[in-house]
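Chemist: Make a model of this:
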Amino acid sequence: MKPLLLAVCAMISVISLSAQVQKERVIKKIPAVRTTEKIVIDGDLKDDAWQKAPLVTEMVEWRPTYGKIEDHDNRTEIRILYDNANIYISGFCHERSNDSISTELVGRDVVGVNDFVGVIFDTYNDKINGFGYYVTPLGEQFDAKYSSSNGEDPSWSSVYETVSKIVSGGWVFEMRIPYSAIRFSNTKIQDWGVNITRRNSKSGKQYMWNPTDPTIGGSFLAQFGLWTGIEDIKPPVRLSFSPYLSTYVNHYPYNNPSIKNTATSINGGMDVKYGINQAFTLDMTLIPDFGQVQSDNQVLNLTPFEVRYNENRSFFTEGTELFGKGNLFYSRRIGGTPLHYDDVNAQLKPGETISKNPGETSLINATKVSGRTSSGLGIGIFNAITNPQYATVQVGGKDSRKIETDPLTNYNIIVFDQSLKRNSSISFINTNVTRSGTDYDANVSAFLWDMYDKKNDWNVNGKVGVSQLLGYLPGGKTQSGYTHNLSISKTGGRFNLSFGQELADDKYNSNDMGYFTNNNFVDHFLWMGYKQVKPKGLFNNLYMNFNGYLSARFKPWDYQMARTNVNVNGQLKSLWYVGVFTNWLPEQNDFYEPRKSGMVFKRPTNYVYGGWFESNRAKKYSVSLELDLSHSPKYTSNAYEIYFRHQYRFNKKLTISSNTNFSIYNNNVGFATISNDSVIIALRKRNTVENIFTVKYNFNNKMGLSFRARHYWSSVDNRQFFNLNKDGYLSPVAATYNSANYNVNYFNIDMVYTWQFALGSFVNIVWKNSIGTFDQNINEGYFPNAGHTFDAPQLNSLSLRVIYFLDYLSLKKK
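Modeler: Next up is the predicted model:
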């Protein structure tokens, strides 16, 4: 606890010396008007009801030049009404010329280069949570959920209706948001926080109805206006079902008479969403099917730590902001690699071989309950259950027995998050993994705080957590660990800073339900930044940053590493983005690269320099390029990394893009192998090339086709070998270890046809192709490797999935 107390004292001292400047906040208001007239959502704005709605106009520029009122010729006119079941919004986005309107058919929940208008409601007016509903000139939708702690969550989805039209002098839209698509209280008279935003992509300008000052700290929800006097609206029964039916045809050339090359399957299940009350919602997925999610970007991992992959399963990304508190939840653990996947070989008897060892567990069901009371208490409960998993062992070509690699497992999270005044909050989270049988269980708890001063100029946040691995130690004993972090930040004004400490003792472990690389550290960090938010010279805005980082081993105490970074980036008046940076990493004590307890590798000093630019994406052709150079004098190590992306929009329907990432490491230093109990480190040449090619064609705003192909190649050629000495330095050895050379290829195709045939209802047809090769042939370059990859056995999968949205209220009316 001593490091934590010292950090607290230092931070209190800084707060006591800081000067704070009061900023006067503008709060606009829209009077709520109820309608009893019928409104047809057709984009014509001819309904008589709209003439009775208050006109909302005079949007204020948010970026790049904060504070300017929009031009009259480009003005925005918004009207809002409500009745017993819906919120209605209409708008006319004026333009001097319709050539100024940027449009692209990109599909739901994708922004692209589109202009858009969005309305964001803070229904509890607590400045903690918001719900955003957006529409483009072509009528495509995207929605998002907002929170003061986690920002924007674009994975959140709701069902609402929009129609847009491009007309003379601009574009118009109508929107209907049913009360089942939003959460609010049962109070007789309510005032909601509200803001309205509009983006014009070609000019690079974005406006807010209620001014949103970028120099004010905290969440932008704290700068909302008000929709006042909403009367007698009742939260409806929020119950919907999304049953699905899917079928798969998979083909892989096993070249084994006992295994069929082609397999078929039919699956069915359901997603259920139920509003327990006006505040809380239950989401459940029963017998889920995630076979159509995008393929992972697999890589050759030479680090001692696990690769963290993105979560592409919608159930684990939608509405999960509460469960992300404390960074304790990594959803890929659920349905991930079995606990004893790597232990099967050690259990084989003489003559036995492994015929099947699945790399994933199967999910039976998952449930989450989340919401926030009128007093600001957010509660989240998550539960998931996975089936036992088994490896199959055979003798003489016939299956003989099964070995359990993962037991029946229950995953559980509970979160309490109390919002306080001034955008502040305190939280508690607990994650628990319970396994059947003799395997250990895991329990992690953390208390968090996120506190702002009265003027939102300063913030103090932190976490104190403990972990317990029950039955992990010999004799069934529990291993308990401790962690904390604490930081103070200046969030207001143009000069900002943040510094803090993070500590984890040598017993702390959150890996069973979270992403966890290592424990036993004490880290300190400092960030300072200055932002120029008004156009000046060549720039619309400019950000200058300094980052400092110092890490020590906690037990026994020792220096680990330090790093400094200076970077400058901003937007030019041409709407291009540019940036430059430099890093300095002095000699490190790397306790993890040796892969052997008690050893350390003295990683030499390294210098990194880089720069990048990104052109205006609103143009038909856009390009971005980043070049990074690094140099380590001790072993004359040099690295060159290039990241290149370009895209061409033929029209609003068809877009083609490609990404090429290229890296060359000469005399790269790293772990090779362990030989005769000695750690062998190698100087190696590593080449990596990644190419991603995508084509997107949308037939209309309900139907589209996408194609994504990715090829990844990486080779490692170890040129010189060294023994790692006890002092952490290297001494040459004459032996060679060719088994430490690698040549890896991964190729994937994801081709997806999507048709939204009704609100919330979709047909998806997906073709997936997957190839992976791993050998030690390091003598060939990229193109021969690509050719050999296509000659390798391929897994092909063709699937059809139909999901139909059923709303209880709509069914009741019928």
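Chemist: which residues of this structure score low on pLDDT?
Modeler: For the chain, the stretches with pLDDT under 70 are 1-25.
Chemist: mind redoing it with 80?
Modeler: Applying pLDDT under 80 to the chain flags residues 1-25, 148-150, 218, 256-259, 319, 374, 396-399, 813-814.
Chemist: List the buried residues of stretch 246-262.
Modeler: The neighbour-count check on stretch 246-262 (16 or more other Cβ atoms under 10 Å) flags 246, 248, 250, 252 as buried. All C-beta spots, glycine's among them, are computed from the backbone N, C-alpha and C.
Chemist: what's the answer for stretch 596-611, then?
Modeler: 599-601, 603-604, 606, 608, 610-611.
Chemist: from what I can see His711 touches Ile749, true?
Modeler: No - contact criterion Cβ atoms under 8 Å: His711 and Ile749 do not qualify, at 9.9 Å.
Chemist: Just read off the phi/psi values of the most centrally placed residue in the chain.
Modeler: Nearest residue to the geometric centre of the chain (Cα atoms, centre = their mean): Asn310, 6.9 Å. Backbone torsions of Asn310, given as degrees, to the nearest 10, read phi -70, psi 150.
Chemist: Provide a list of residues in contact with it.
Modeler: By Cβ atoms under 8 Å, 6 or more residues apart in numbering, the contact set of Asn310 is 296-297.
Chemist: mind checking how far it is from Ala144?
Modeler: 18 Å (Cβ to Cβ, to the nearest Å).
Chemist: show me where the stretch 451-600 of the chain has strands.
Modeler: Remark: strands assigned in the stretch 451-600 of the chain by DSSP state E, counting those that start in this stretch are 458-473, 477-490, 495-504, 521-532, 539-553, 558-572, 577-585, 588-590.
Chemist: Please render those as JSON lines that adds mean neighbour count to the earlier fields.
Modeler: Below are the strands of the stretch 451-600 of the chain laid out as JSON lines (neighbours: other Cβ atoms under 10 Å):
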{"stretch": "strand 458-473", "mean neighbour count": "19"}
{"stretch": "strand 477-490", "mean neighbour count": "19"}
{"stretch": "strand 495-504", "mean neighbour count": "19"}
{"stretch": "strand 521-532", "mean neighbour count": "17"}
{"stretch": "strand 539-553", "mean neighbour count": "17"}
{"stretch": "strand 558-572", "mean neighbour count": "17"}
{"stretch": "strand 577-585", "mean neighbour count": "16"}
{"stretch": "strand 588-590", "mean neighbour count": "19"}
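Chemist: right, and these - which one's nearest Gly397?
Modeler: Gly397 lies closest to strand 458-473 among the strands of the stretch 451-600 of the chain, at 38.4 Å (Cβ to Cβ).
Chemist: now for the closest one, which elements pack on it?
Modeler: Other elements packing on strand 458-473 under the criterion 3 or more Cβ pairs under 8 Å, 6 or more residues apart in numbering; DSSP states H and E are helix 2-17, strand 441-452, strand 477-490.
Chemist: 7 Å instead?
Modeler: strand 441-452, strand 477-490 (3 or more Cβ pairs under 7 Å, 6 or more residues apart in numbering; DSSP states H and E).
Chemist: Would you mind saying which of these lies nearest Ser657?
Modeler: Ranking those by proximity to Ser657 (Cβ to Cβ) places strand 477-490 first, at 36.5 Å.
Chemist: Distance from the chain centre to the closest one, please.
Modeler: 23 Å (Cα atoms, centre = their mean, to the nearest Å).
Chemist: do stretch 89-103 as well
Modeler: Its chain's C-alpha centre and that of stretch 89-103 lie 31 Å apart, by Cα atoms, centre = their mean.
Chemist: possible to save the strands of the stretch 451-600 of the chain as TSV with distance to Asn84?
Modeler: Shown next, in TSV, are these (distance: least, Cβ to Cβ, whole Å):
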stretch	distance to Asn84
strand 458-473	41
strand 477-490	45
strand 495-504	46
strand 521-532	46
strand 539-553	45
strand 558-572	45
strand 577-585	47
strand 588-590	65
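Chemist: OK, contacts around the closest residue to Val60 other than its chain neighbours?
Modeler: Leaving aside its chain neighbours, Val60 sits nearest to Pro211 (4.5 Å; criterion: Cβ to Cβ, 6 or more residues apart in numbering). Neighbour list for Pro211: 26, 60, 67, 223 [criterion: Cβ atoms under 7 Å, 6 or more residues apart in numbering].
Chemist: Tyr577 too?
Modeler: Each residue near Tyr577 by Cβ under 7 Å, 6+ apart is listed here: 569, 571, 613-614.
Chemist: Pick the one among those residues closest to Val272.
Modeler: Glu614 (42.0 Å).
Chemist: Can you pick out the most distant pair from the contacts of Tyr577?
Modeler: Farthest apart among these by Cβ to Cβ are Gln571 and Phe613. That separation is 10.9 Å.
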